[in-house]
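Test case, fold it:
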Amino acid sequence: MPFVRSRLRITVAILVFSAVGGWAWSVSSEPEIDAQMTTPGEVPYPSLDTNDLVVGKQLPNVDVTDLEGNTIALQSFVGSPIILNFWYSTCEPCRREIPAFAQAQQTHSNVRFIGLNMNDSPEMAKTFGEKYGINYPIVFDQSGTVVRELGIVTAPSTLFIDSSGNIVDQVAGEISSDKLESLISQWFAS
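Numbering: from 1, shown residues only. So this is what the prediction gives:
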């Protein structure tokens, strides 16, 4: 038993010495870091993907599928203002913003809301839609053509499209209810 206690004391002493020594070493080091993170106009991480700027472009004429597997031409939604939201079920910001989209769909019957699911099976998307109150069409880009042509690489991402199919605005990231209402008023006020 004295051997075990002695070994335990030595182990504890080594751990304490290592922790104190590591802390002291890290505190004494002087990092040579400039507080300026980027130079204006310089892309700090050119390999880091971001969405392409698509404002001013036309909604692509490609096919998507609905929850039942039916093929739908994306252009078939053109004719009224469209809010096209790119999402998937394990995206936490998507989960937070979708109730705002569902509420706005009820308030703005002149605007077509479309949820383009980027990752889930139809079954998973349907279950998610029921849980979060999605009351607008959910479509899938199974070939990846829509996201490729629009350069969408982040979720959530939302495109605001006029009744002629022109993309008038885009937002990467979560949209609050207030921001969504503001954008609808800005682009689709009657």
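
what about the most centrally placed residue in the chain, which helix or strand?
For the chain, the residue sitting closest to the mean C-alpha position, by Cα atoms, centre = their mean, is A155 at 2.0 Å. No secondary structure element spans A155, as it lies outside all helices and strands (assigned by DSSP states H and E).

Now it: closest residue in space, sequence neighbours ignored.
Counting by Cβ to Cβ, 6 or more residues apart in numbering, A155 lies nearest to C91, which is 4.8 Å off, once chain neighbours are set aside. For every residue, glycine as well, the C-beta is placed using N, CA and C.

ok, which stretches of this protein are strands?
With DSSP state E, the ranges of strands along the chain come out as 63-66, 71-73, 82-87, 112-117, 138-140, 157-161, 167-172.

Format the ones you listed as JSON lines; extra columns: mean pLDDT, distance to K131 and mean neighbour count.
Written out in JSON lines, the entries for the strands of the chain read as follows (pLDDT from 0 to 100; distance: least, Cβ to Cβ, whole Å; neighbours: other Cβ atoms under 10 Å):
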{"stretch": "strand 63-66", "mean pLDDT": "95", "distance to K131": "19", "mean neighbour count": "17"}
{"stretch": "strand 71-73", "mean pLDDT": "95", "distance to K131": "24", "mean neighbour count": "12"}
{"stretch": "strand 82-87", "mean pLDDT": "96", "distance to K131": "13", "mean neighbour count": "24"}
{"stretch": "strand 112-117", "mean pLDDT": "96", "distance to K131": "13", "mean neighbour count": "23"}
{"stretch": "strand 138-140", "mean pLDDT": "96", "distance to K131": "13", "mean neighbour count": "21"}
{"stretch": "strand 157-161", "mean pLDDT": "96", "distance to K131": "20", "mean neighbour count": "24"}
{"stretch": "strand 167-172", "mean pLDDT": "94", "distance to K131": "24", "mean neighbour count": "17"}
